[in-house]
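sequence below, structure please.
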Amino acid sequence: MSILASQQPAPHDAPGCAYVDGAFIPLADARIPMLDRGFVRSDATYDVTHMWKGRFFRLDDYIERFYASMAGLRMEIDEPPAELRALILEAARRSGLEDAYVQMTCTRGVPPAGSRDPRMCKNRLSLFVQPFVWISRPEQQESGLKMVVAKTPRIPSEAVDQRIKNFHWLDLTRGIFEAYDQGADVAVHPSIHGGLTEGAGFNVFCLKGRTLSTPAEGIFEGMTRRTVIELAPSHQLEVAVGRVNAEQLYEADEVFLTSTAGGVMPVCEIDGRPVGNGRPGPVTLSLRKAYWALHEHPDYTTALTGAVA
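Numbers count the residues shown, from 1 in each chain. Here you go, the predicted structure:
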C-alpha cells in the first residue's frame, strides 16, 4: 500500500446516510447488486435535491419530477410520494448534515437468471445524503468559470430523452476532459443539429440586453433553470427558450450556468474569449442573490424538523 493510500480516511468515516433495501445505513456501506440492470445497463433514473442550512429547496417539485422520470422509463416503486418524502427527511436527519446533496435513484433491478427481459425485474429504490456538492464553490464564483464549447455532441434526445434524468454520461465525461485539456473548468455540448444543449450537470443561460436565452433542445430541464426563469420577470428580464448557438455565447453581455450543485454560477471566459468585461455581471449576481434568498422562503423550502421519528 502506498503512503498516500494509507492516509486516506477509512470508509466508515465518510459522512452521510443511505436508504437501501428498506433500511437506513452509513453511506459508505451502501451497495447495489452487481447484476442490477442499473449497473450493467445504465437502466436507471434518478433525481437530486439539496438541503441548505437545514431546509430542503423545492423538495416536492424534485420528487414530482422523479416520479415523472420513472414513468417515462416504465418504472415504478412501491413507495408513494409522501412516503419517499418522509424517507428523504429521515435520511437527512440521520446524516447530521445541514448542507447536503440528496440523490434518489430507481434502478431496473435484477432480472431472473438467464433473462434479458426488463419487464421481469423488480424496480429498486435507493437514496443517499452526502455533504453538499459544488460544480463551482462560492470563492471560485467570485472570478467566474472558464468554459469551452465541446466538440463532443450531446447524446440526441431522439435516442435518450434528456428530460428524463439518467446516467448516460460518457459524452459529458468526454466534455469534462475537453475542458480540462484546455485549461477550462466546464464544457457545454452542441447537439447533432448544431445548437447548444447543456453540460455535465448544468444548464446554460446567456444575456444580451434584457433578454435571457437558454437552450430548449437536448437538455434536462433543471430545477435551478426553472427557478431562474420564474425569477426573470421580477428582474425586468425576458426569457427566450429555444435555439442557442456558440456565437450567442461569444457575443453575450453575461453568461451563467444553473445547477442544483451550485445555484447560479457566472461564466467569464468561453473558448479563451472573455465574456463581457471578463468579470461576473450584475444581472448574474442579482439572480444568484435572489436564488439563494429563496432558500429561506417558506413557500420554497421544507424544514428538516419535519423528519419522522
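
ok, which stretches of the stretch 1-150 of the chain are strands?
17-20, 23-26, 44-52, 55-57, 100-107, 124-131, 145-149 (DSSP state E, counting those that start in this stretch).

dump these to JSON lines, plus mean pLDDT, distance to R226 and mean neighbour count.
Heads up, the C-betas are built off the backbone N, CA and C, glycines and all. Output for the strands of the stretch 1-150 of the chain, formatted as JSON lines (pLDDT from 0 to 100; distance: least, CB to CB, whole Å; neighbours: other CB atoms under 10 Å):
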{"stretch": "strand 17-20", "mean pLDDT": "98", "distance to R226": "26", "mean neighbour count": "21"}
{"stretch": "strand 23-26", "mean pLDDT": "97", "distance to R226": "30", "mean neighbour count": "14"}
{"stretch": "strand 44-52", "mean pLDDT": "97", "distance to R226": "13", "mean neighbour count": "23"}
{"stretch": "strand 55-57", "mean pLDDT": "98", "distance to R226": "12", "mean neighbour count": "23"}
{"stretch": "strand 100-107", "mean pLDDT": "98", "distance to R226": "18", "mean neighbour count": "23"}
{"stretch": "strand 124-131", "mean pLDDT": "98", "distance to R226": "22", "mean neighbour count": "21"}
{"stretch": "strand 145-149", "mean pLDDT": "98", "distance to R226": "21", "mean neighbour count": "22"}
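
which element is the residue nearest to T224 when sequence neighbours are not counted on?
Excluding its sequence neighbours, the residue lying closest to T224 (CB to CB, 6 or more residues apart in numbering) is T258, at 3.9 Å. Per DSSP states H and E: T258 is located in strand 254-259.

follow-up on the earlier one: mind putting the strands of the stretch 1-150 of the chain into a markdown table with distance to V204?
Formatted as a markdown table, the strands of the stretch 1-150 of the chain follow (distance: least, CB to CB, whole Å):
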| stretch | distance to V204 |
| --- | --- |
| strand 17-20 | 32 |
| strand 23-26 | 36 |
| strand 44-52 | 18 |
| strand 55-57 | 21 |
| strand 100-107 | 21 |
| strand 124-131 | 26 |
| strand 145-149 | 8 |
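
among those strands, single out whichever gets nearest to S69.
Nearest to S69 among those is strand 44-52 (4.2 Å), distances taken as CB to CB.

can you give the strand pairings for that closest one, parallel or anti for each?
Using DSSP bridges, the strands paired with strand 44-52 are strand 55-57 (antiparallel), strand 100-107 (antiparallel).

how far does the last one sit from its chain's centre?
Spelled out, that is strand 100-107. 10 Å (CA atoms, centre = their mean, to the nearest Å).
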